[in-house]
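Novice: Got a sequence here, can you model it:
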Amino acid sequence: MADVVIRPYRPGDESGIAELIVPIQREEFDIPITYAEQPDLRDIPGFYRQDAGEFWVAVEGNCIVGTIALKDIGDGAAALRKMFVAASHRGAPHRLAAGLLATLLAHARDRALRAVYLGTTAKFLAAHRFYEKCGFSQITPDELPPSFPRMAVDTRFYFLTL
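Specialist: I've put the predicted structure just below:
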């Protein structure tokens, strides 16, 4: 098995990103969404790569097997978005989710961000355990900053102080 490399998004990654994310959303979590309905994915530089934001992909050979994004939402805060890992790369021995999150948090700290927020659905039970294990605390929607880009499917929210 080739080594997995985590690197920033590059133009041309779009199809690999869509091929990873959309099936997970639709088939694993029964969220009826298409690539076309996700404008953030159609304009990664414009949506994520502003201010302290960034979008990373995990690549094995020529295949994107993971993604994670950070959106700067102002006032020293950011939103963690689009964290997806191919089923073949979840858990041990890969620890890809942990590597993606570590990359994002190091970037956030390097840019002097003070807090990271995220939203997820009630269905992502493994994600809840993962975020809690990594130090995130569950919060209510009322505790989100007004600038947080809330998605309609998000029903559970987390916060991490950096």
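
Novice: got a list of what His89 touches?
Specialist: For His89, the residues meeting the contact criterion (C-beta atoms under 8 Å, 6 or more residues apart in numbering) are 4, 58, 60, 65-66, 96. Glycine gets a C-beta too; all of them are placed from N, C-alpha and C.

Novice: Any buried residues in the longest strand seen in the chain, and which?
Specialist: Among all segments of the chain classified by DSSP state E, the strand with the greatest residue count is strand 63-74. By 16 or more other C-beta atoms under 10 Å, the buried positions in strand 63-74 come out as 64-73.

Novice: Equivalent analysis for stretch 27-45, please.
Specialist: By neighbour count on 16+ other C-beta under 10 Å, the buried set for stretch 27-45 is 31, 38, 40-41, 44.

Novice: circling back to that earlier point, turn the contacts of His89 into a markdown table, including pLDDT.
Specialist: Listed next are the contacts of His89 as a markdown table, based on pLDDT from 0 to 100:
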| residue | pLDDT |
| --- | --- |
| Val4 | 96 |
| Ala58 | 98 |
| Glu60 | 96 |
| Val65 | 98 |
| Gly66 | 98 |
| Leu96 | 95 |
